[in-house]
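Student: Below are the sequence and a predicted model; questions follow.
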Amino acid sequence: MARRKKIYEGKAKILYEGPEPGTLVQYFKDDATAFNAEKKDVIEGKGVLNNRLSEYFMLGLNNIGVPTHFLRRINMREQLIRSCEIIPLEVIVRNFAAGSISKRLGIEEGTQLPRPIIEFSYKDDSLGDPLVPEEYITAFGWASQQDLDDIVSIAIRVNDYLSGVMYGVGIKLIDFKIEIGRIYDGDFMRLVVADEISPDSCRLWDIKTGEKLDKDVFRRDLGNLTDAYTEVARRLGVMPSNV
Ligand code: C5P
């Protein structure tokens with residue numbers, strides 16, 4: 001049997017050529033990195049949990065009419081996705097201050113923001129993904145003004161969906177990051193939520209105790225990352241052992 005062609009390897013995932021044109025297989029690794037890969041470790045089971053959790057969120061979005069790249073989960077570590085052209089932006093939505101906004105503006109972590117704030121970083125590891133204003137995005141042609149308007153409305157819908165789902169299981173959605181891709185269908189182009197949605201790319205705090213159930217556990221050495229992600233999966237009823 002021929003070996004699958006590797007298309008791309010990132011810090012936490014690998015993309016392989018898919019079984020049909022226009023598809024890819026997304027493989028979730030156990031590698032954890034933080035601070036632009038200055039801190040690294042292998043956390044056994046993280047890939048399995050993120051594959052399952054990302055499936056859950058992407059399916060939920062597909063069901064409410066927010067298009068995503070997700071087609072189906074293949075096995076414990078892999079999912080079939082649509083191939084898309086990734087817009088080189090990290091789209092970050094914040095409901096409460098934490099992380100870089102707290103540092104930048106001196107706002108105490110956990111402070112509710114006056115309204116959800118959407119910000120963009122330019123995806124470039126060598127530059128450390130710098131925060132960019134909308135003006136840069138259109139001027140440098142990373143996205144058109146129309147794309148940008150559509151990205152903002154997708155981000156708001158994802159925030160509404162994710163906040164609601166999390167609230168239902170006693171978790172506060174502090175912030176999250178999504179990536180957006182373009183899929184071309186003949187003359188038409190549509191934007192989809194791509195990459196992954198998982199505790200690697202969200203901040204999730206237990207509503208009652210404030211306990212962190214996301215990658216900050218790894219970034220800040222707060223305990224066992226697999227236990228935190230397992231707790232999120234357990235509350236959502238998507239434990240990998242249930243499938
Ligand atoms: O670090 P910062 O506070 O800007 O992160 C905001 C949110 O975006 C967090 O949920 C973080 O996990 C996510 N993020 C990410 N990938 C990055 C940068 C931030 O998933 N490269």
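Tutor: Here it is on my side, so go on.
Student: following the top strand by length along the chain, which helix or strand comes up?
Tutor: Longest strand of the chain, by residue count under DSSP state E: strand 171-185. Using DSSP states H and E, the next helix or strand after strand 171-185 towards the C-terminus is strand 188-194.
Student: Show the average pLDDT along that next one.
Tutor: Averaged across strand 188-194, pLDDT comes to 97.
Student: List the buried residues of stretch 159-166.
Tutor: Neighbour-count burial for stretch 159-166, with 16 or more other C-beta atoms under 10 Å as criterion, is recorded at 159, 161-163, 165-166. C-beta coordinates here come from the backbone N, C-alpha and C atoms, glycine included.
Student: quick one: which of the residues you listed sit in helices?
Tutor: In this view, the buried residues of stretch 159-166 that belong to helices under DSSP state H are 159, 161-163, 165-166.
Student: Let me see the domain layout of the protein.
Tutor: With domains defined by automatic domain parsing, the chain comprises 6-82, 85-224.
Student: Tell me which of these sits nearest to the ligand.
Tutor: Nearest of the domains of the chain to the ligand, taken as C-beta to the nearest ligand atom: domain 85-224 at 2.2 Å.
Student: Can you give me the end-to-end span of the closest one?
Tutor: Start-to-end span of domain 85-224 (C-alpha to C-alpha, to the nearest Å) is 35 Å.
Student: Return the residues of the protein in contact with the ligand.
Tutor: Counting by C-beta under 6 Å from any ligand atom, the residues of the chain close to the ligand are 90, 92, 98-101, 129, 175-177, 201-203, 215.
Student: Adjacent strands (with direction) for the longest strand of the chain?
Tutor: Partner strands for strand 171-185, per DSSP bridges, with pairing direction: strand 85-86 (antiparallel), strand 89-96 (antiparallel), strand 188-194 (antiparallel), strand 202-206 (antiparallel).
Student: Dump the ones you listed into CSV; add distance to residue 228 as well.
Tutor: Shown next, in CSV, are the strands paired with strand 171-185 (distance: least, C-beta to C-beta, whole Å):
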stretch, distance to residue 228
strand 85-86, 28
strand 89-96, 18
strand 188-194, 23
strand 202-206, 8
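Student: so where's the chain shaky on pLDDT?
Tutor: Applying pLDDT under 70 to the chain flags the ranges 1-2, 241-243.
Student: For it, just list every one of the helices.
Tutor: 46-63, 99-105, 134-139, 145-168, 216-219, 225-236.
Student: Okay, buried residues for the second one please.
Tutor: When you say that, I think you mean helix 99-105. For helix 99-105, a neighbour-count test (16+ other C-beta under 10 Å) marks 101-102 as buried.
Student: hmm, who's touching it?
Tutor: Applying C-beta atoms under 8 Å, 6 or more residues apart in numbering, the contact partners of helix 99-105 are 94, 97, 107-109, 111, 117, 119, 131, 175, 203, 216.
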